[in-house]
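Engineer: Pasting a predicted model and its sequence here:
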Amino acid sequence: MRRYLPLLEELDRWQTEARDHHPGVIPCRAVCSHCCYGPFDVSVADVAVLLEGAAALAPEARAAARERAGRQVARMREVEPSWQAPFDVAALGEERFDHLTEALAQELCPLLGPAGTCLIYHHRPAVCRMIGVGLRTETGDVIPNTCPVQDRFPGYSDLPPAEFPLLAWEQDETLAKREAAVRLLGTPAREGYETTIAAALVTFDLERGSEP
């Protein structure tokens, strides 16, 4: 995903600049896992990148992650028995998917290692890079900081949102989604495909980067 990884790195730079601007206030780091709970939707471009990261893991770590993912998918299907591969969020609809995420809110991400660190940190999805800092777009819209523990750190919850050109970023993201949809699902028409990390790990072939 040569197009998408640089876009994700733009989010990293934005997060780093915010931390540098407020030294000692923003606690987000690779070793923090407070936001690594519960299933959440990730884009088709995120799926392609996280699969690359998972494929690069040592065989035993990769197998363990897929096993954890399989258990999580089994629990998701207990809540939504009709949900089937490729586990497109659109097949459930927003209300049912919200119910699913609430039911599994205490489930750990299957790509969180035993030491509490992300196994694919440099290949993690966009949403994982945006949590921790409020974001103000170029049109003035604000996406609030959704860090679940921000009230535990002095001054953290009071930080103003950091500026980021999200609309321009999303234009480039759309191109990456189309490329990923071709790679994973065989057609650019599936650029709107979204799923969860666990579902992606059990649905797609980590070696081939496509459905089995």
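Structural biologist: Received the coordinates, thanks.

Engineer: Only the C-alpha atoms, please, for stretch 133-148, written as PDB.
Structural biologist: What follows is stretch 133-148 as a C-alpha-only set of coordinates in PDB (Å, rounded to 0.1, in the frame of the first residue of the first chain):
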ATOM      1  CA  VAL A 133      -6.000  14.500  20.000                       C
ATOM      2  CA  GLY A 134      -9.000  16.600  19.000                       C
ATOM      3  CA  LEU A 135      -9.000  17.500  15.300                       C
ATOM      4  CA  ARG A 136     -10.100  20.700  13.600                       C
ATOM      5  CA  THR A 137     -10.500  20.400   9.800                       C
ATOM      6  CA  GLU A 138      -9.800  23.100   7.300                       C
ATOM      7  CA  THR A 139     -13.500  24.100   7.300                       C
ATOM      8  CA  GLY A 140     -13.600  24.500  11.100                       C
ATOM      9  CA  ASP A 141     -15.400  21.200  11.900                       C
ATOM     10  CA  VAL A 142     -14.200  19.500  15.000                       C
ATOM     11  CA  ILE A 143     -13.700  15.800  15.800                       C
ATOM     12  CA  PRO A 144     -13.400  15.600  19.500                       C
ATOM     13  CA  ASN A 145     -10.700  13.600  21.400                       C
ATOM     14  CA  THR A 146     -12.200  10.200  22.200                       C
ATOM     15  CA  CYS A 147      -9.300   9.000  24.500                       C
ATOM     16  CA  PRO A 148     -11.200   7.000  27.200                       C
END
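
Engineer: With adjacent residues omitted, what lies nearest to the residue located most distally from the centre of the chain?
Structural biologist: No residue in the chain sits farther from the centre than residue 154, which is 27.0 Å out by Cα atoms, centre = their mean. Among residues not flanking residue 154 along the chain, residue 25 sits closest, at 7.6 Å (Cβ to Cβ, 6 or more residues apart in numbering). Where C-beta positions appear, they are placed from N, C-alpha and C, glycine not excepted.

Engineer: now the helices for this protein?
Structural biologist: Counting by DSSP state H, the chain forms helices over residues 4-21, 44-55, 59-79, 89-92, 94-103, 126-130, 166-185, 197-203, given from the N-terminal end onward.

Engineer: And the contacts of the longest one?
Structural biologist: In other words, helix 59-79. Contacts made with helix 59-79 from outside it, assessed by Cβ atoms under 8 Å, 6 or more residues apart in numbering, are listed as 39, 54-55, 57, 83, 87, 99-100, 103-104, 107-108, 110-111, 113, 119, 196-199, 201-202, 206.

Engineer: Right, I'll call it a day here.
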